[in-house]
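A.B. asks: What follows is a predicted structure for the sequence shown.
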Amino acid sequence: MYRAWPDPQVRRRVEELIQINTTTVRHPDFNCNIDGWHPDWRMVESPRNLRASYGHDVECVWLALDAARTIGFSPRLFRSWAESLWATSLKFGYDRPHGGFYYTGPLGQPSDDTKKEWWVQAEALVSMLEMYRLNGKREFYDLFAQTLGFVEKYQVAKEGSWWASRQADGSASKNTQRSSMWQGAYHNGRAMILCAKLLEDLAANPRGSP
């Protein structure tokens with residue numbers, strides 16, 4: 001909104017949201033965000049809420065970095081925050097053998113819900129390239145390439161669009177859906193457009209040698 005309409009009030013709200021997302025919604029004992037909060041910012045203490053959502057965490061990283069850049073803040077101000085969220089997501093939620101992120105998991109423990117949801121992989125692809133641009137660590141480009149390989153091989157449906165969900169190894173899930181209110185331009189479509197732009201930017205201003 002601020003890029004389209006650079007109103008001072010919109011800028012103040014963007015700054016507020018950056019502050020909330022980089023200082024407030026992270027669990028105080030674990031480097032992961034918690035989705036549910038009361039209006040006074042007390043954490044919702046329910047088993048369903050007290051879980052790590054790897055897709056939301058890595059999505060939050062790139063959205064916050066992009067928002068900071070848009071209002072003239074250096075993304076490097078948030079590097080340690082971004083790297084801490086990523087470190088936890090990689091430790092407990094990333095599938096090293098196959099590529100891609102699992103869905104959710106208990107706090108501070110390996111994932112117990114290992115399905116591969118389409119939106120998680122889409123947002124992770126953008127975030128991996130944003131992290132590579134931020135810190136120049138080759139690991140993030142390699143993770144991007146591995147996850148993109150998983151998506152191309154298993155998540156993209158030959159019949160069109162992306163499978164909503166796959167098993168960890170890429171095999172078919174019980175959810176055979178390929179279309180929903182979220183499966184249009186919002187996650188996978190947006191991710192592909194942004195990844196193409198990020199790759200162009202990285203080629204013009206390389207941080208490494210992908």
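C.D. replies: Noted; the coordinates are in hand.
A.B. asks: Could you list the buried residues of stretch 101-116?
C.D. replies: Along stretch 101-116, these residues count as buried under the neighbour rule (16 or more other CB atoms under 10 Å): Phe101, Tyr102, Tyr103, Thr104, Gly105, Ser111, Thr114, Lys115, Lys116. To be clear about C-beta, it is placed using only N, CA and C from the backbone, and glycine gets the same treatment.
A.B. asks: Could you identify the most distant pair in the residues you listed?
C.D. replies: Checked with CB to CB, those reach their widest spread between Gly105 and Lys116, with 13.4 Å between them.
A.B. asks: show me where the chain has strands.
C.D. replies: With DSSP state E as the criterion, the chain has strands at 51-53, 104-106, 116-117, 165-166.
A.B. asks: In a markdown table, list those strands along with mean pLDDT and distance to Val10.
C.D. replies: Listed next are the strands of the chain as a markdown table, based on pLDDT from 0 to 100; distance: least, CB to CB, whole Å:
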| stretch | mean pLDDT | distance to Val10 |
| --- | --- | --- |
| strand 51-53 | 97 | 27 |
| strand 104-106 | 98 | 32 |
| strand 116-117 | 98 | 31 |
| strand 165-166 | 96 | 36 |
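A.B. asks: and Ser127, which of those strands is closest to it?
C.D. replies: Shortest separation from Ser127 across the strands of the chain is recorded for strand 51-53, at 13.3 Å, computed as CB to CB.
A.B. asks: Check which helices and strands the closest one sits against.
C.D. replies: Using 3 or more CB pairs under 8 Å, 6 or more residues apart in numbering; DSSP states H and E as the contact definition, the elements that strand 51-53 packs against are helix 79-93, strand 104-106.
A.B. asks: Could you rerun that using 7 Å?
C.D. replies: In terms of contacts (3 or more CB pairs under 7 Å, 6 or more residues apart in numbering; DSSP states H and E), strand 51-53 is packed against strand 104-106.
A.B. asks: picking up where we left off before, could I get the buried residues of stretch 101-116 in a markdown table, plus columns for distance to Phe144?
C.D. replies: Putting these into a markdown table (distance: CB to CB, whole Å) gives the following:
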| residue | distance to Phe144 |
| --- | --- |
| Phe101 | 12 |
| Tyr102 | 17 |
| Tyr103 | 19 |
| Thr104 | 22 |
| Gly105 | 22 |
| Ser111 | 20 |
| Thr114 | 20 |
| Lys115 | 21 |
| Lys116 | 16 |
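A.B. asks: gap between Ser111 and Gln177?
C.D. replies: Taken as CB to CB, to the nearest Å, the spacing of Ser111 relative to Gln177 amounts to 22 Å.
A.B. asks: likewise Ala164?
C.D. replies: Ala164 is 4 Å from Gln177, by CB to CB.
A.B. asks: swap in Pro110?
C.D. replies: Summarising the geometry, the distance separating Pro110 from Gln177, computed by CB to CB, is 27 Å.
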